[in-house]
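Participant: predicted model follows, preceded by the sequence.
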Amino acid sequence: MSEQREPVGVIGVGWVGLVTAACFAELGHPVIARDILAEKVDSLSRGEVTIHEPDLADLVRRNAERLTFTTEMSELLDGARLLFVCVDTPPTYSGDADLSRVRAVVEELPEGSEHVLIMKSTVPAGTGEAIRRDLPGLAYVSCPEFLKEGTAVADFMHPDRVVIGADPGDEGAAAAVAGLYEPLGEVLHTDVSSAEMIKLASNAFLATKISFINEIANVCEEVGADVGEVARGMGLDERIGSSFLRAGIGYGGSCFPKDVTALKMLAGNTGYHFQLLNAVIEVNELQKRRVVGKLEKHLGSLLGKRVALLGLAFKPDTDDMREASSLVLAARLQGEGAEVVAYDPVASERAGQLLDSVTLTGSALEALDGADAAVLVTEWREFAELDWADVAKRMARPLIVDGRNFLDQKALAAAGFEYEGIGKPQVAAAAAAAE
Ligand code: UGA
């Protein structure tokens, strides 16, 4: 018989919460996960996972015996001492993180509770300290999550680092949390505020890297350089590193836009003006819109032109549409009078709730048929596998803006396409065909 592992409680069964619950169950812990949405709890109890995340549904099914989903806080409090808070902290109108869901959780804890509150939700630095002030005696640990959507299960199971922040008096709680992560890798112990800052600073730095390479790409276009080569050359310097230097039409998702703004606001609230982050945000906003200019360069006015968007999700292998570049792009194209058709392998349903007057098709070819231009928005693998010579014949005009530098530029030019990448020099069709 295997030894009984410490039960784990999870509060908030969104992306992070469900991955946390499923992965701790996989590691052998009994897990009780609580969400306020009865419908979600019901479907998860039946083993139905409604978000698209590789391996997650398998994990939930395989560990069904160790996973309990409930709407009842009392069940959670009775069943587990270690409670991971995974509720969302969306931006408010002011750009600050909305902590109302975190506060609601804290209010549900009984006075003198013996539980350990482990904050996985991304919160501004100082939040943990405030919660401890309000609930003296509560054991509090900050344990930010660094997983990426699309590879969430693998990231959880093989983390680059595990950060555990605790303040004096909570060393025992920190050790208990570190014990949970022992099979996964090394733990960095810090104080609570530093752990909170590590999360925000990491996301802001990654977003900065993306906006930086996007600006380099824009300059490359002016001087005839290739941003792919530039990024490769830069990345060989180990101080720079090669990851997160893919130029494109801007970052999206539920984390970078929100966390960069939240850090800017957090600094601003203390009286510090974080200038660099203003530029990071502005560059990202403008980057989404540059596609319009690229299309106009070839088509002139976009009025009445049919533009096919390939991919809508903020990145591949997810159906998450939060802050997806496609939303801004579709609106801008419509603003210029274009007819927008779009296809995404999994995000169409979510996208349909957000996109007005965009025709969603059941396949890439349907979207491309008769189009005056295509824009690759999300680098789904199936787009690389299309028969582009056939596509060229189906389109009214074989023009493509590859917003992720994902497709084979020379092959497309050889197939007769006018190809526009991001930060790529032009390849004339004749030259590509001759190669
Ligand atoms: C991001 C972080 O990478 C995670 O470490 C963090 O845990 C997570 O936010 C979070 O705070 O919860 P995620 O938003 O899932 O993860 O996705 P990423 O893979 O980081 O991509 C974010 C956006 O940046 C995407 O729109 C992607 O297309 C874009 N990107 C990424 C680029 O434009 N260029 C790159 O080189 C890399």
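Facilitator: Looks like it came in fine.

Participant: now do the SS call for the residue nearest the centre of the chain.
Facilitator: In the chain, the C-alpha nearest the mean C-alpha coordinate belongs to residue 253, at 4.0 Å (C-alpha atoms, centre = their mean). When classified by DSSP: H, G, I helix; E, B strand; the rest coil, residue 253 comes out as coil.

Participant: what residues are up against it?
Facilitator: Going by C-beta atoms under 8 Å, 6 or more residues apart in numbering, residue 253 touches 149, 314-315, 320, 322-324. C-beta here means a position set from N, CA and C on the backbone, and glycine is covered the same way.

Participant: do you know how far it is from residue 322?
Facilitator: Distance of residue 253 to residue 322, computed by C-beta to C-beta, to the nearest Å: 6 Å.

Participant: equivalent analysis for residue 417, please.
Facilitator: Distance, residue 417 to residue 322, by C-beta to C-beta: 31 Å.

Participant: okay, the two: which has more neighbours?
Facilitator: Counted by other C-beta atoms under 10 Å, residue 417 and residue 322 do not tie: residue 417 has more neighbours, with 25 against 20.

Participant: pLDDT wise, what is the residue nearest to the centre of the chain at?
Facilitator: Residue 253 carries a pLDDT score of 93 in this model.

Participant: now residue 278: closest residue in space, sequence neighbours ignored.
Facilitator: Of all residues not flanking residue 278 in the chain, residue 264 sits nearest, at 6.8 Å (C-beta to C-beta, 6 or more residues apart in numbering).

Participant: helix or strand right after the helix or strand harbouring that neighbour?
Facilitator: Element membership for residue 264 (DSSP states H and E) is helix 256-269. Next along the chain after helix 256-269, taking DSSP H and E as the criterion, comes helix 275-299.

Participant: right, and the helix or strand after that next one?
Facilitator: strand 306-310.

Participant: show me what the next helix or strand along the chain from that next one is packed up against.
Facilitator: Toward the C-terminus, strand 306-310 is succeeded by helix 325-335 as the next helix or strand (DSSP H and E). Judged by 3 or more C-beta pairs under 8 Å, 6 or more residues apart in numbering; DSSP states H and E, the packing partners of helix 325-335 are helix 275-299, strand 306-310, strand 339-343.

Participant: ok so, going back, from the ligand, how far off is the residue nearest to residue 278?
Facilitator: Residue 264 sits 16 Å away from the ligand, going by C-beta to the nearest ligand atom, to the nearest Å.

Participant: can you report how many residues neighbour that residue?
Facilitator: By the criterion of other C-beta under 10 Å, residue 264 has 23 neighbours.

Participant: tell me the SS of the residue nearest to residue 179 when sequence neighbours are not counted?
Facilitator: The shortest distance from residue 179 to any non-neighbouring residue, by C-beta to C-beta, 6+ apart, is to residue 6 (7.4 Å). Here residue 6 is recorded as coil under three-state DSSP.

Participant: right, and residue 6 touches residue 182 too?
Facilitator: No: at 11.4 Å, residue 6 does not count as touching residue 182 under the criterion of C-beta atoms under 8 Å.
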